[in-house]
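Participant: Structure here, sequence nowhere to be found:
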């Protein structure tokens with residue numbers, strides 16, 4: 001979880017997931033799948049906000065499965081994700097959150 005003294009990411013992207021087992025797995029997967037990028041995990045009680053710096057956040061099905069210890073379908077994340085920051089591309093193997101190109 002992010003320390004409250006850490007300045008916020010200027011332009012974060014990523015999911016907001018209902019608290020629980022899946023949110024924990026998504027948070028861990030975000031750190032693994034976005035190696036080299038700053039990843040802030042903000043636990044807000046009923047939900048977990050995952051914020052990734054650099055304009056892109058990738059979440060891979062295989063990584064979430066490893067963290068959960070069971071099979072997982074990406075569409076199940078969408079059910080537990082009431083919100084997200086950025087734009088989104090969905091697929092069966094990964095979800096990508098990203099910032100639109102700036103002029």
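Facilitator: That came through fine. Predicted model, so just to flag it, every value in this text is computed and none were measured.

Participant: pretty sure residue 82 is touching residue 16, no?
Facilitator: Yes: taking CB atoms under 8 Å as the definition, residue 82 is a contact partner of residue 16 at 6.1 Å. The way it works is simple: take the backbone N, C-alpha and C, and place the C-beta from them, glycine included.

Participant: which helices and strands sit right next to the helix or strand where residue 28 lies?
Facilitator: Here residue 28 is covered by helix 21-33, with elements defined by DSSP states H and E. For helix 21-33, the packing partners by 3 or more CB pairs under 8 Å, 6 or more residues apart in numbering; DSSP states H and E come out as strand 14-18, strand 39-43, strand 47-52, strand 56-60, helix 61-68, helix 74-79.

Participant: looking at these, which is closest to residue 96?
Facilitator: strand 56-60 (5.5 Å; CB to CB).

Participant: and that closest one, what other elements does it pack with?
Facilitator: Judged by 3+ CB pairs under 8 Å, 6+ apart, strand 56-60 is in contact with strand 14-18, helix 21-33, strand 94-98.

Participant: returning to what we had before: what would the helices and strands packed on helix 21-33 look like in TSV with mean pLDDT, distance to residue 95 and mean neighbour count?
Facilitator: Listed next are the helices and strands packed on helix 21-33 as TSV, based on pLDDT from 0 to 100; distance: least, CB to CB, whole Å; neighbours: other CB atoms under 10 Å:
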stretch	mean pLDDT	distance to residue 95	mean neighbour count
strand 14-18	98	8	22
strand 39-43	97	15	19
strand 47-52	98	11	23
strand 56-60	98	5	20
helix 61-68	98	9	18
helix 74-79	94	6	14
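
Participant: Serialize those to TSV and add fields for distance to residue 88.
Facilitator: Shown next, in TSV, are those (distance: least, CB to CB, whole Å):
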stretch	distance to residue 88
strand 14-18	9
strand 39-43	17
strand 47-52	13
strand 56-60	10
helix 61-68	15
helix 74-79	9
